[in-house]
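Colleague: Sequence and predicted model, in that order:
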Amino acid sequence: MKKIKIKSLLVIAVVSVISFFLNPLDLDISQKIILSTLLFSVACWATAAIHKSIVCIILFAVYIIFGKSSIVDLTRMAWSDTFFLIVTTTMLSVGMMKTGIIHEYVEKFFRKTSKNIFLLMSVPYFFGIILIFLIPQAFARVIIIGAIFNHLLSAETEEEKRAKQALIFNGFIGITMTYMLFSTGDIVLNQMAIKFSGEAVQKTLTFGHWFQMMSVPTVLASIIVFFLTYLIFKNDFKHFHAGMIGNKSFEKKELTKNQQRISVITMGIILLLWTTQGLHPISPWIVALAGVIVLYAIKILEPSDIKNINLHFLLFILTVFNIGKVLGQSGITAVLFSTLKTLIPASNSSWYLLLIALVIMILHMCIGSSVATMSVVLPIIMPLLIDMGYEAQIVTLMTYIIVNIHFLLPFHQATVMIGTAKEYYPEKYMLRFGIPMTLVTFILLQFLYFPWWNFVL
């Protein structure tokens, strides 16, 4: 359990109490308690003042006592297909990592492209797309890419060390950009963006429609970000040379031919059932569960691997998923909606969307977590922008893009943060990249995504 940050917790508590008594939105007592507790929770998540799970329990208790949603309604997410899919694909991803099959192919490709820095930088983008269909969780994909790059690249001088760090950082960015192509690109972030947006968006943003909306602009955005990364770290990349790549192969678990054969056949069947989901009644999580059972049966997965299911994260997902529901059913969303309509004059233009994008970006910088930001922002801005004539799916995707590709500090982007946690590169790399990306994010929205969405809708 992490230590409690007493000073941060006291400041957050004082601010929350002050907001309760000031009551600028003229809320009733229950609404004030819910909103001030939400403010307290978001601030604690952002600053890690106390353990995330403690905050979740406090907020969930407030949902039950002062909200208008039933316990059954609040816990519905815990037995939803999405929740089961997160759990089963976590285990499936662990199993695929332990086979070492993916490591082998990535390593071969890595060595073949090592003589050209641009080809080497493109490896994570290439495998970032392919691995989406093999490993549904982005966390697992960046762990694989990071581990391979870290193992194969040797650095004897400070210059070589910086080149190695820049290459691994580029790998994490490549994974982050490419999983935006598909609704299944990141089984957590992408699916939560859809879930937080309500039933209408869930019916509209199918796998095919997401791809139609995101494919072309994301490919172009990836190219721009690719060269932006090169420009930002150009002085580091220039120290890379093929001699930095060692001859030692990545160490992986030894499998029998039978284990290899069964694991490959299993993943082939899983991919077939996932890609033909509309042609059969089997839920994706059941398909994943069957794969996990097979991997346990052939002893690739072991009983101890169950620890990879992060219960704290699942509690966090369950808690933030209900933010929009509680705010709506308690009447707070309607009050915020009315206030925002007064503060922000209506305008049906892409420039107005950029203003909203700026607000979302600022909130993301304050809240920190991408998932938490979407859970707070989408239920509030969605009715406002729909009332002004904007498509709900555009609001969803715009918010998703902002919280995914724009970050300044590690806690703003959990996938890229893994690289800092494993000390593959320093935290300052995220700030170094994030400052120019602040402007580039608006450029990508205004000149790539908005025009394409207007074209396809």
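Modeller: Looks like it came in fine.

Colleague: longest helix of the chain?
Modeller: For the chain, the helix that runs over the most residues, judged by DSSP state H, is helix 207-232.

Colleague: how much distance is there from that one to the middle of the chain?
Modeller: Counting by Cα atoms, centre = their mean, to the nearest Å, helix 207-232 is centred 16 Å from the centre of its parent chain.

Colleague: what sits up against the helix or strand following it?
Modeller: Downstream of helix 207-232, the next assigned helix or strand under DSSP states H and E is helix 234-237. For helix 234-237, contacts defined as Cβ atoms under 8 Å, 6 or more residues apart in numbering pick out 117, 121, 159, 162-163, 165-167, 230. Heads up, the C-betas are built off the backbone N, CA and C, glycines and all.

Colleague: ok, of the residues you listed, which one's closest to V326?
Modeller: Lowest distance from V326 to the contacts of helix 234-237 (Cβ to Cβ) belongs to Q165, with 42.5 Å.

Colleague: now Y296: how far from P303?
Modeller: 8 Å (Cβ to Cβ, to the nearest Å).

Colleague: With neighbour numbers in mind, choose between these two.
Modeller: Y296 (16 against 7; other Cβ atoms under 10 Å).

Colleague: check which helix or strand covers the more buried one.
Modeller: Of the helices and strands defined by DSSP H and E, Y296 is found in helix 284-297.

Colleague: How about I381?
Modeller: Using DSSP H and E, I381 falls in helix 370-387.

Colleague: mind listing what's buried in that helix?
Modeller: 370-385 (16 or more other Cβ atoms under 10 Å).

Colleague: just stretch 74-92 next, same as before
Modeller: Neighbour counts over stretch 74-92 (16+ other Cβ under 10 Å) mark 74, 76-77, 82-92 as buried.

Colleague: next one: stretch 35-51
Modeller: Across stretch 35-51, burial judged by 16+ other Cβ under 10 Å covers 35-50.

Colleague: Single out whichever of these has the smallest pLDDT.
Modeller: Taken together, the buried residues of stretch 35-51 show their lowest pLDDT at A46, with 75.

Colleague: quick one: it and L363 touch, right?
Modeller: No: A46 is beyond contact range of L363, at 10.5 Å (criterion: Cβ atoms under 8 Å).

Colleague: Next up, the contacts around the residue nearest to the spatial centre of the chain.
Modeller: Closest residue to the average C-alpha location of the chain: L189 at 3.8 Å, with Cα atoms, centre = their mean. Neighbour list for L189: 138, 179, 370-371, 400, 403-404 [criterion: Cβ under 8 Å, 6+ apart].

Colleague: Would you tell me which one of those comes nearest to Y63?
Modeller: Using Cβ to Cβ, V371 comes nearest to Y63 of these, at 17.0 Å.

Colleague: which residues touch the closest one?
Modeller: By Cβ under 8 Å, 6+ apart, the contact list for V371 reads 188-189, 192, 316-317, 320.

Colleague: Swap in 6 Å and give it another go.
Modeller: V371 makes contacts with 192, 320, as judged by Cβ atoms under 6 Å, 6 or more residues apart in numbering.

Colleague: Could you tell me how far it is located from F316?
Modeller: Computed as Cβ to Cβ, the V371 to F316 distance reads 8 Å.

Colleague: Quick check: the spatially closest residue to V62 that is not a sequence neighbour vs K203, distance?
Modeller: Sequence neighbours aside, T37 is the residue nearest to V62 in space, at 4.5 Å (criterion: Cβ to Cβ, 6 or more residues apart in numbering). Distance, T37 to K203, using Cβ to Cβ: 32 Å.

Colleague: Over to F316?
Modeller: According to Cβ to Cβ, F316 stands 26 Å off from K203.

Colleague: neighbour count winner among the two?
Modeller: Counted by other Cβ under 10 Å, F316 and K203 do not tie: F316 has more neighbours, with 20 against 10.

Colleague: What helix or strand is that one located in?
Modeller: In this assignment (DSSP H and E), F316 forms part of helix 311-321.

Colleague: Now do that helix: which elements does it pack against?
Modeller: The elements that helix 311-321 packs onto, with contact taken as 3 or more Cβ pairs under 6 Å, 6 or more residues apart in numbering; DSSP states H and E, are helix 52-66, helix 370-387.

Colleague: Could you take the ones you listed and lay them out as a markdown table, with extra columns for mean pLDDT?
Modeller: As requested, those are exported to a markdown table (pLDDT from 0 to 100):
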| stretch | mean pLDDT |
| --- | --- |
| helix 52-66 | 93 |
| helix 370-387 | 86 |
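
Colleague: Of those helices, which is nearest M214?
Modeller: Across the helices and strands packed on helix 311-321, closest to M214 is helix 370-387 (Cβ to Cβ), at 15.9 Å.

Colleague: what angle separates the following helix or strand past that closest one from helix 370-387?
Modeller: From helix 370-387 onward toward the C-terminus, using DSSP H and E, the following helix or strand is helix 392-405. Between helix 392-405 and helix 370-387, the angle comes out at 150 degrees (axes from the mean of the first three to the mean of the last three Cα atoms, to 10 degrees).

Colleague: Next, the buried residues of the helix or strand just after helix 392-405.
Modeller: Tracing the chain past helix 392-405, the next element assigned as helix or strand by DSSP H and E is helix 414-421. For helix 414-421, burial by neighbour count (16+ other Cβ under 10 Å) applies to 414-420.

Colleague: what do you get for stretch 433-445?
Modeller: Applying 16+ other Cβ under 10 Å to stretch 433-445 flags 433-434, 437, 440-442, 444-445 as buried.

Colleague: Return the subset of the residues you listed lying in helices.
Modeller: Applying DSSP H to the buried residues of stretch 433-445, the entries found in helices are 433-434, 437, 440-442, 444.

Colleague: want to try a markdown table for these, with distance to A147 as columns?
Modeller: Shown next, in a markdown table, are those (distance: Cβ to Cβ, whole Å):
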| residue | distance to A147 |
| --- | --- |
| F433 | 21 |
| G434 | 24 |
| M437 | 25 |
| V440 | 29 |
| T441 | 29 |
| F442 | 34 |
| L444 | 30 |
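
Colleague: what helices or strands is the lowest-mean-pLDDT helix or strand in the chain leaning on?
Modeller: Ranking every helix and strand in the chain by mean pLDDT, DSSP states H and E puts helix 101-112 at the bottom, with a mean of 76. If you count contacts as 3+ Cβ pairs under 6 Å, 6+ apart, helix 101-112 packs onto helix 117-130, helix 138-152.

Colleague: Now do it against helix 138-152, angle only.
Modeller: Our comparison of helix 101-112 with helix 138-152, counting by the same axes, to 10 degrees, yields an angle of 50 degrees.

Colleague: before we move on, back to that, return the closest of the ones in helices among the buried residues of stretch 433-445 with respect to K68.
Modeller: Set against K68, the nearest of these by Cβ to Cβ is T441 (36.7 Å).

Colleague: Does that closest one touch L408 like I think?
Modeller: No: at 11.6 Å, T441 and L408 do not qualify as touching, with contact defined as Cβ atoms under 6 Å.
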